[in-house]
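Chemist: Give me a model of this one.
(2 chains)
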Amino acid sequence: MKLDLQKGSRARVLAIVIVAIAGIFVARLFYLQVMQYGHYTDIAKATQEKRFVIPASRGEIYALDGSTPIQLVMNQTVYTVFADPKTVTEHDAVLKTLREVAGGNLEPNIDSRLKADNRYQRLATKLSATQRDKIKEKNFSGIGFQTETQRVYPEGQLAGQVLGFVNNDGDGNYGIEGYMNQELKGKEGALQAVTDVRDVPLTIGRQNVRVEAVDGKSPVLSLDRNIQSHVEQALKAGIERTGATHASAVVMNPNTGKVMAMANFPSYNPGEFSKVTDGSIFNNDTISVPYEPGSTIKTLMLATALNQNVAKRTDTFTNTDSIRVEDRTISNASKGHTGVITFQTAIDWSLNTGMVTLAQRLGNGSQITRGARDIMFDYYHNKFRLGENTGIELANESSGLLISPEHATGNAVRYSNMSFGQGMNATMMQVATAFSAAINGGTFHQPSIINGYMVDGQYQPSAASASTPGVITPATSSEVREALISARSLIRNTGRDGYMIGGKTGTSQVIKNGTYSDNETIGSYVGFGGSEKPEYVIMVKVSGENKELQGARDAVPIFNDISNWMIDYLKLRPRG
Amino acid sequence: MSTQSNNYYTSRRQQNWSRNQNTTRFVSAIKLGPVAHTVLVALMITVLGLIYLTQATRTSGYGYETQRIDEQISQLNEQKSDLQIENARLTALDNIKNSNVAREMTTPASTNYVD
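Modeler: The predicted model follows:
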């Protein structure tokens, strides 16, 4: 269409003006949208797009109640109330409401906090959603809420040292929390989106990115809460009875390596870890504190000698209550069983001379030769895995110490001491695991405290832990069991007859300032129980500063308490 | 006589038209000048712009809806979690041990085993 506009007419002028303005617009828009495209899109992105973190939920921790998983550690959303004192208008009403609703969750001096000369004051912490709602509905100006997640422990301090705790930075420390920290934490997600002025993500952004968070794993521990609870009670009662200051116990299934209970006393509540004043209480002594295990190791010495066919339980030797090894004389703690006696008698009365004699028989019969020491090291270290981490899924495990014969100090004197559990360091977990292999038919099961995982609310048991059969022969293992049953038969008032129960006491000297202390010993006992076969292994240890504690007198009653209870709990029948 | 032919197409209607006698053509009496044309075009652009804007912002409204539902899910999860914690506390071993039922329980004097 051709516009026929008269020259100089108003329409023509208007058209020219409009075209000129449009031209300016087009030119300006071309400059802004084409030439300055990158600059303005960058500014737009910076102001419109926000990156949000989608937090991953920390995995919960379960234990077993029989075969049913129950929660030991859970997550709870809690709220912190804060104020911007410069914008709070109803001081009295705020104070009144907070005192009524928050109660013990109030921070100290909230009155002065509300009048402080800054823009942020914390007024109350760890409020529940109900408490938050009651404050929120008042709609006070200058009062805000922050969301936080905290760990809660429905069972209180049950298995505190096994669980560990989560610090204020959200990281696990000690126990399973420390060992599995990364797996429990999960992986945070991210949302990059165009937002409005209130930072509400909008769906229009073509470049919105959403990466979902991956929640942490939720392990199901092999701990049985009923056994755990009873063991903790037994330790507490044991401490009151013996005067010891520390007691520890491990209960495990010798046929699978699964730990059924693991406790120390004193302990702590992981929900109140900040109130603990003695940091050593965080330690799980059963895996973190190696000690000279003493006579409990005689079980392994006997197993080594029997499996090497250098002796039988019924073989005899002449006991004079002392024996010479190079320039040292080794004596028995229990004296008077002198003359020609069997090795079974040596086990029954825990005679050091009997064990040194067995070590000598591994050599040339009168000396603990290098060959004998190599055999002992092979059994102690390579077969029974002493002196190295067991691999249990808990933080801060200690490896203990076992001196190799290749080392200058790995001489006959040391190995004579090692035959009855001195001159070496081991944790209770190591000893209980090795003991399990000695009495379960000869299979070493790597100890484990994880039984499976909760996946989408369903319990999925994990595969059995690694095992090594043939550490000793089944026949040797059977002999060891009989030897331990015999040793236990000398203990009176054990409480239950008709069951297959055996064990070995240990009374260990304590090294202080480089020498053995004269006034402090550690009492321990490791034993098994069952009907037709061992169903559980229990190891107990009691200790105390300047306390002379004995295995038979102080640790055995705790073992009996736990063992007799286990018989009922596992519904074991007496042997035919 | 010479004849001329061309390649132009002539529709039948037009052929008829050419010999028709009553054909009329409607011509509106309202005449729009160039200013009116310009205003009308501007109005049409404005209306189209408004339609575009309403459609574009409608999708952004889904963001608010999504956020509202997310918040609702989050609150429900929170409530569920609180209830689970309460349940776990009520069924904790200490609570069971201290319950009236547990206090009434006694240790059996003897046990018989059924084959």
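
Chemist: and residue A:63, what are its bridge partners?
Modeler: Judged by DSSP bridges, the bridge partners of residue A:63 are residue A:70.

Chemist: Distance check, it against chain B.
Modeler: Going from residue A:63 to chain B by C-beta to the nearest C-beta, to the nearest Å gives 10 Å. No exception for glycine: its C-beta is placed from N, CA and C like everyone else's.

Chemist: Return the per-residue confidence for that residue.
Modeler: With respect to pLDDT, residue A:63 has a value of 97.

Chemist: Can you tell me the centre-most residue of chain A?
Modeler: The centroid of chain A falls nearest to residue A:175 when counting by C-alpha atoms, centre = their mean (2.4 Å).

Chemist: Look up the closest residue to that one, ignoring the ones flanking it.
Modeler: Closest residue to residue A:175 apart from its sequence neighbours, by C-beta to C-beta, 6 or more residues apart in numbering or on different chains: residue A:164 at 2.8 Å.

Chemist: Which residues are in contact with the one you found?
Modeler: Taking C-beta atoms under 8 Å, 6 or more residues apart in numbering or on different chains as the criterion, residue A:164 is in contact with A:172, A:173, A:174, A:175, A:176, A:177, A:178, A:179, A:270, A:282, A:395.

Chemist: Same question for residue A:556.
Modeler: Going by C-beta under 8 Å, 6+ apart, residue A:556 touches A:491, A:494, A:503, A:505, A:525, A:540.

Chemist: same thing but at 7 Å, please
Modeler: A:491, A:505, A:525 (C-beta atoms under 7 Å, 6 or more residues apart in numbering or on different chains).

Chemist: Next: residue A:189.
Modeler: Residue A:189 makes contact with A:54, A:56, A:211, A:212, A:213, according to C-beta under 7 Å, 6+ apart.

Chemist: Give me the PyMOL select line for these, limited to the buried ones.
Modeler: Buried residues among the contacts of residue A:189 (16 or more other C-beta atoms under 10 Å in any protein chain shown), as a PyMOL selection:
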select buried, chain A and resi 56+213
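
Chemist: ok, longest helix in chain B?
Modeler: When chain B is parsed with DSSP state H, its longest helix is helix B:34-90.

Chemist: Tell me if the helix or strand that comes right after it is near chain A.
Modeler: As assigned by DSSP states H and E, the chain's next helix or strand after helix B:34-90 is helix B:93-97. Yes. Under the criterion of C-beta under 7 Å from any C-beta of the partner chain, chain A is reached by helix B:93-97 at B:93, B:94.

Chemist: For helix B:93-97, list every residue counted as buried.
Modeler: For helix B:93-97, a neighbour-count test (16+ other C-beta under 10 Å) marks residue B:93 as buried.

Chemist: neighbouring contacts of it?
Modeler: In this structure, residues lying in contact with helix B:93-97 by C-beta under 7 Å, 6+ apart are A:155, A:156, A:158, A:225, A:229, B:102.

Chemist: Tell me both backbone torsions, phi and psi, for residue A:471.
Modeler: phi -60, psi -40 (degrees, to the nearest 10).

Chemist: Counting neighbours, what do you get for it?
Modeler: For residue A:471, the neighbour count with other C-beta atoms under 10 Å in any protein chain shown is 23.

Chemist: Touching, it and residue A:442? I think so.
Modeler: Yes. Here residue A:471 reaches residue A:442: they are 5.1 Å apart, a contact under C-beta atoms under 7 Å.

Chemist: Mind exporting the C-alpha coordinates of the helix or strand where residue A:43 lies to PDB?
Modeler: Counting by DSSP H and E, the element that carries residue A:43 is helix A:37-48. Taking C-alpha atoms only, helix A:37-48 is exported to PDB below (Å, rounded to 0.1, in the frame of the first residue of the first chain):
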ATOM      1  CA  TYR A  37      24.000  -9.300  24.900                       C
ATOM      2  CA  GLY A  38      26.700 -11.000  26.900                       C
ATOM      3  CA  HIS A  39      27.000  -8.200  29.400                       C
ATOM      4  CA  TYR A  40      23.300  -8.000  30.200                       C
ATOM      5  CA  THR A  41      22.700 -11.700  30.300                       C
ATOM      6  CA  ASP A  42      25.500 -12.100  32.800                       C
ATOM      7  CA  ILE A  43      23.900  -9.400  35.000                       C
ATOM      8  CA  ALA A  44      20.500 -11.000  34.600                       C
ATOM      9  CA  LYS A  45      21.900 -14.400  35.600                       C
ATOM     10  CA  ALA A  46      23.600 -13.000  38.600                       C
ATOM     11  CA  THR A  47      20.500 -11.300  39.900                       C
ATOM     12  CA  GLN A  48      17.800 -13.800  38.800                       C
END
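
Chemist: close to chain B, is that helix?
Modeler: No. Judged by C-beta under 7 Å from any C-beta, helix A:37-48 and chain B are separated, with a smallest distance of 11.2 Å.

Chemist: contacting residues around that helix?
Modeler: A:32, A:194, A:195.

Chemist: do the same with stretch A:340-350
Modeler: A:295, A:298, A:302, A:311, A:313-316, A:318-319, A:334, A:337, A:354-355, A:358, A:483, A:486-487, A:490, A:505.

Chemist: buried residues in it?
Modeler: A:341, A:342, A:343, A:344, A:345, A:346, A:347, A:348, A:349, A:350.

Chemist: for that stretch, the distance to its chain's centre please.
Modeler: On the basis of C-alpha atoms, centre = their mean, to the nearest Å, stretch A:340-350 sits 39 Å off its chain's mean C-alpha point.

Chemist: related to what we said a few turns ago, is it possible to mark the buried ones in the contacts of residue A:556?
Modeler: Buried subset of the contacts of residue A:556 (neighbour count, 16+ other C-beta under 10 Å): A:491, A:505, A:525.

Chemist: could you measure residue A:438 against residue A:297, distance?
Modeler: Note on residue A:438: its distance to residue A:297, by C-beta to C-beta, to the nearest Å, is 10 Å.

Chemist: low-scoring stretches of the chain, by residue?
Modeler: Answering for chain A, as no chain was given. A:1-3, A:203-206, A:576 (pLDDT under 70).

Chemist: try again with chain B
Modeler: Counting by pLDDT under 70, chain B shows low-confidence ranges at B:1-24, B:60, B:115.

Chemist: Could you figure out how far the lengthiest helix in chain A is turned away from helix B:34-90?
Modeler: Longest helix of chain A, by residue count under DSSP H: helix A:10-29. Going by axes from the mean of the first three to the mean of the last three C-alpha atoms, to 10 degrees, helix A:10-29 is angled at 40 degrees with respect to helix B:34-90.

Chemist: Closest one of the contacts of residue A:164 to chain B?
Modeler: Closest approach between those and chain B, by C-beta to the nearest C-beta: residue A:270, at 14.4 Å.

Chemist: For that closest one, list the residues it contacts.
Modeler: If you count contacts by C-beta under 7 Å, 6+ apart, residue A:270 has them with A:153, A:160, A:163, A:164, A:165.
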